[in-house]
Every structure is written in structure tokens, then in C-alpha cells.
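S.K.: Have a look at this fold, sequence not included:
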């Protein structure tokens, strides 16, 4: 496995962007498509911020947000 080195500025910004992206999950959305869109956006931002796959981040974020919002509608 290749060791990836991030530029010092990107390395400092990545955790901040990840927290901000996860913070968007607070706004769950009122419908399932809104929940998937918001979760997917947060996941994509998080994937990009930490140097991972944007597509995988979007898929995981969308699924996770929909599942969470459906399981705990009072918390969204």
C-alpha cells in the first residue's frame, strides 16, 4: 500500500472540513430524497477532505443519513 503524504495546509484543513461536513447531517431533511442528498453531500465532502474516495463517501453518507433519520425521526 502506498503511503500518501498530504500538503501541510491540506493536512490541517482536512479535519476541519470533515467536521463541517458531518455537521450538515444535523439538517436531516424532511423526505427520503432530501435525507439522501444531504447525507451524500456530507459524505462526499468528508471523503474529499480526508483524501479518500468521494464516490464511496457520498454513498456511505447518503445511506447512513437515511437510515439514521428513519430510525430516529425526532432527532432530525
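M.R.: Cool, the structure landed. Values in this document were obtained by computation on a predicted structure and should not be read as measured data.
S.K.: Going by C-alpha atoms from here, please, whenever you check contacts or count neighbours.
M.R.: Will do.
S.K.: where does this structure have low pLDDT?
M.R.: Scanning the chain for pLDDT under 70 picks out 1-27.
S.K.: can you give me the helices in it?
M.R.: 8-23, 32-49, 54-71 (DSSP state H).
S.K.: And stretch 44-61, end to end?
M.R.: Stretch 44-61 has its terminal residues 7 Å apart, counting by C-alpha to C-alpha, to the nearest Å.
S.K.: heads up, I number from 255, so please use that
M.R.: Will do, 255 is the new start, and the previous item becomes stretch 298-315.
S.K.: what comes up buried for that stretch?
M.R.: Of the residues in stretch 298-315, 298-304, 308, 311-315 count as buried by neighbour count, 16 or more other C-alpha atoms under 10 Å.
S.K.: likewise stretch 319-330?
M.R.: 319-320, 323-324.
S.K.: So for that stretch, first residue to last residue, what's the gap.
M.R.: Stretch 319-330 has its terminal residues 10 Å apart, counting by C-alpha to C-alpha.
S.K.: what would the buried residues of stretch 319-330 look like in CSV with distance to residue 288?
M.R.: Formatted as CSV, the buried residues of stretch 319-330 follow (distance: C-alpha to C-alpha, whole Å):
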residue, distance to residue 288
319, 10
320, 9
323, 11
324, 12
